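Q: build the 3D model from these lines:
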Amino acid sequence: QVQVVESGGGLVQPGGSLRLSCEASGNIFSINAMGWYRQAPGKQRELVAVVTAGGSINYAESVKGRFTISRFSRDNAKNTVYLQMNSLKSEDTAVYYCNAQYYSDSYTMVDAWGQGTQVTVSS
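A: Numbering: from 1, shown residues only. The predicted model follows:
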């Protein structure tokens, strides 16, 4: 089993920056990928950025050049991924969720989700 906890959301002015943290614990060596998703009011949850255990990274077009996801950082039985968000816009306002995809056995991929952290971009 893998558990995920996010932190780092808040209120920021347009053009500002925030850094989100996602900490995974449990069977961290079974994790295949970790990523950030967001959901704005009245909209579907969408992928923001994802990094695989091998270091491959993908971003949503809307955040390319502004957001940076870190590669896995393993320490004290935890796997941490950061999302650095720069040049924030009002349309980035959403609840941000961390996701970890991991193998519960040799064949089964499972998603673990955090509780979400609110990011509000407003003057």
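Q: please make it C-alpha for all contacts and neighbour counts, starting now.
A: Noted.
Q: quick one: name whatever helix or strand follows the lowest-mean-pLDDT helix or strand in the chain.
A: Scoring the helices and strands of the chain by mean pLDDT, DSSP states H and E places strand 73-75 at the bottom, with a mean of 87. Downstream of strand 73-75, the next assigned helix or strand under DSSP states H and E is strand 78-85.
Q: now do the buried residues in that following strand.
A: K78, N79, T80, V81, Y82, L83, M85 (16 or more other C-alpha atoms under 10 Å).
Q: let's check: the centremost residue of the chain is which one?
A: W36 (2.5 Å; C-alpha atoms, centre = their mean).
Q: that residue against V95, yeah?
A: No: W36 sits out of contact with V95 when judged by C-alpha atoms under 8 Å, with a separation of 10.3 Å.
Q: hey, where'd the helices end up in this structure?
A: With helices called from DSSP state H, the chain shows none.
Q: I'd like to know how far the residue nearest to the centre of the chain sits from S106.
A: Relative to S106, W36 is positioned 25 Å away (C-alpha to C-alpha, to the nearest Å).
Q: could you do S123 as well?
A: Taking C-alpha to C-alpha as the measure, S123 falls 49 Å from S106.
Q: pLDDT and distance to N27 for the buried residues of strand 78-85 - can I get that in JSON lines?
A: Listed next are those as JSON lines, based on pLDDT from 0 to 100; distance: C-alpha to C-alpha, whole Å:
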{"residue": "K78", "pLDDT": "94", "distance to N27": "9"}
{"residue": "N79", "pLDDT": "95", "distance to N27": "10"}
{"residue": "T80", "pLDDT": "95", "distance to N27": "13"}
{"residue": "V81", "pLDDT": "97", "distance to N27": "16"}
{"residue": "Y82", "pLDDT": "97", "distance to N27": "19"}
{"residue": "L83", "pLDDT": "98", "distance to N27": "22"}
{"residue": "M85", "pLDDT": "98", "distance to N27": "28"}
